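**Q** Here is my input; please provide its structure:
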Amino acid sequence: MPAPLRLRLDGDALVQNWRTLDRMSGTAACGAAVKANGYGLGAIEVARRLADAGCRDFFVSNWQEAAELAPLGLTVSVLHGVREEDMPAAAAGFARPVLNTPRQVARWKAAGGGVCDVMVDTGMNRLGVSADDIAAGLLDGLQIETLMSHLACADEDSPMNERQRVAFAALAGQTSARRMSLANSAGIALEGYAFDLTRPGLALYGGIPRAQLGEAIRPVVTPEAQILQRRRVVAGDTVGYNATWTASRVTEVAIINLGYADGYFRGFSDRGSAVVDGKHVPVIGRVSMDLLAIDVTAVAEIEEGAWIALYFALPDAAARSGMSQYELLTGMGARYSRSWS
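**A** Numbering: from 1, shown residues only. Modelled structure (predicted):
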């Protein structure tokens, strides 16, 4: 059945964002994080378009995500490494693990090894082996394609960025790794952080993690939904749960087929907006699970059954909603159809 809500996805903007980040990466190769279903856009469609544009390194979180991409024949790294339960998938060879712990390293060696990546912790204290582990010979005998680490504060002007860069650079030549990789989207905007391979995620999809990317990155995602009902409320009437919005005048209201179950979160209540014929029209009242109310008094011609686009420029949408740009992207639910242009 045709879905009453859709994501309009700009494939050209996606590709241009990758090319911009590739150019900013200098001599380093530019990969793509396509975990969390391509940040909510659809991992297969995202990866196919980026591979056609020249991207050669893709990153997912787990082996289930890697298996979904396997038919494309891409070079995929699994960031969360390899559990015992993952070994049959890892042995199939459609992706390689990013080993994160001494136990994962031992498991991989015991199974005969093979090409892998390794994550080293340089201060984030999330995933990764330690520099001391490396010095003690933990990685000896491994066929390492990429030694990587992850920046904790790249979206801020934090002294931790330089501490991590220096700690990571000190590992050059200490392992068998053919390449080194540190920079995420925000890290690409920092001078001297690219090493041999960058791993953008958010900026591919229209997010702006640092101001330096603001003029270069194009929006990719626009949520749209159909109007289910157009109604008129008079001064003093309220709209939505808990009657948080009261009409100060006669108001034309469109009720649309979209809510927080679709990733349009309650933080947009009385703060979000839609765009009709270039005009911004406000969200009014509480965003509910499946429905949203919009003041369409200024656009008298829009009627029941018409499609309406939500304003979703990610940095501004994040500021309005109180959610991060990452949450806004990855929270978009399965009820949308995804329409690429």
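**Q** how far away is A43 from L213?
**A** Taking C-beta to C-beta, to the nearest Å as the measure, A43 falls 22 Å from L213. For glycine as for every other residue, the C-beta is placed from the backbone atoms N, C-alpha and C.
**Q** Over to A189?
**A** Taken as C-beta to C-beta, the span from A189 to L213 is 6 Å.
**Q** which residues does Q143 bridge with?
**A** V115 (DSSP bridges).
**Q** Test my guess that it contacts S176.
**A** Yes - contact between Q143 and S176 holds when scored by C-beta atoms under 8 Å: they sit 6.8 Å apart.
**Q** and the helix or strand where S339 lies, which residues are buried?
**A** Element membership for S339, per DSSP states H and E: strand 337-340. For strand 337-340, the buried set under the neighbour-count rule, 16 or more other C-beta atoms under 10 Å, comprises R338, W340.
**Q** and it, how far from the chain's centre?
**A** 17 Å (C-alpha atoms, centre = their mean, to the nearest Å).
**Q** what's next to it, contact-wise?
**A** Under the criterion C-beta atoms under 8 Å, 6 or more residues apart in numbering, residues 2-3, 5-11, 41-42, 45, 49 lie in contact with strand 337-340.
**Q** just for this protein, where's the confidence low?
**A** Nowhere does the chain drop to pLDDT under 70.
**Q** which residues does L5 bridge with?
**A** Applying DSSP bridges, one finds that L5 bridges with A225.
**Q** Wasn't A3 part of a helix?
**A** No - A3 is assigned coil when assessed by DSSP: H, G, I helix; E, B strand; the rest coil, not a helix.
**Q** Is it in contact with Y336, as I believe?
**A** Yes - look at A3 against Y336 with C-beta under 8 Å: they come within range, at 6.5 Å.
**Q** Comparing the two, which residue is more hemmed in?
**A** Y336 (24 against 15; other C-beta atoms under 10 Å).
**Q** Name the SS class of the nearest residue to that one once chain neighbours are set aside, please.
**A** Excluding the flanking residues, the one nearest Y336 by C-beta to C-beta, 6 or more residues apart in numbering is L7, at 4.7 Å. Assigned with three-state DSSP, L7 falls in the strand class.
**Q** Look up how far L258 lies from the most centrally placed residue in the chain.
**A** The centre of the chain sits closest to Y39, judged by C-alpha atoms, centre = their mean, with a distance of 3.5 Å. The gap separating Y39 from L258 is 19 Å, by C-beta to C-beta.
**Q** distance of the closest residue in space to G285 that isn't next to it in sequence from I255?
**A** Computed as C-beta to C-beta, 6+ apart, the closest residue to G285 that is not its neighbour in sequence is G240, at 3.0 Å. Look at G240 and I255: by C-beta to C-beta, they are 10 Å apart.
**Q** which neighbours do these two share?
**A** Shared contacts of G240 and I255, counting by C-beta under 8 Å, 6+ apart, come down to A293.
**Q** ok, back up a step: ok, so of the contacts of strand 337-340, who is nearest M124?
**A** For the contacts of strand 337-340, the residue nearest M124 by C-beta to C-beta is L41; the value is 26.0 Å.
**Q** How is that closest one assigned, secondary-structure-wise?
**A** coil.
**Q** hang on, R271 is in a strand, isn't it?
**A** No - per three-state DSSP, R271 lies outside any strand segment and is coil.
**Q** my guess is it meets R320, correct?
**A** Yes - applying C-beta under 8 Å as the test, R271 and R320 come out as touching, 4.6 Å apart.
**Q** Can you show me the strands along the stretch 1-150 of the chain?
**A** All strands of the stretch 1-150 of the chain, identified by DSSP state E, counting those that start in this stretch, fall at 5-9, 29-30, 32-33, 58-60, 76-78, 96-99, 115-119, 143-148.
**Q** could the ones you listed be laid out in JSON lines, adding distance to T251?
**A** Converted to JSON lines, these look like this (distance: least, C-beta to C-beta, whole Å):
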{"stretch": "strand 5-9", "distance to T251": "23"}
{"stretch": "strand 29-30", "distance to T251": "48"}
{"stretch": "strand 32-33", "distance to T251": "43"}
{"stretch": "strand 58-60", "distance to T251": "46"}
{"stretch": "strand 76-78", "distance to T251": "51"}
{"stretch": "strand 96-99", "distance to T251": "53"}
{"stretch": "strand 115-119", "distance to T251": "54"}
{"stretch": "strand 143-148", "distance to T251": "53"}
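**Q** and of the ones you listed, who's closest to A293?
**A** Comparing the strands of the stretch 1-150 of the chain by C-beta to C-beta, strand 5-9 comes nearest, at 15.2 Å.
**Q** Please enumerate residues in contact with that closest one?
**A** Against strand 5-9 from outside (C-beta under 8 Å, 6+ apart): 41-42, 45, 220-226, 257-258, 262, 307, 309, 332, 335-341.
**Q** Same question for it: list its buried residues.
**A** L5, R6, L7, R8, L9.
**Q** could I get those as JSON lines with distance to R83?
**A** Output for the buried residues of strand 5-9, formatted as JSON lines (distance: C-beta to C-beta, whole Å):
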{"residue": "L5", "distance to R83": "36"}
{"residue": "R6", "distance to R83": "36"}
{"residue": "L7", "distance to R83": "32"}
{"residue": "R8", "distance to R83": "38"}
{"residue": "L9", "distance to R83": "33"}
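**Q** I appreciate the help and will end here.
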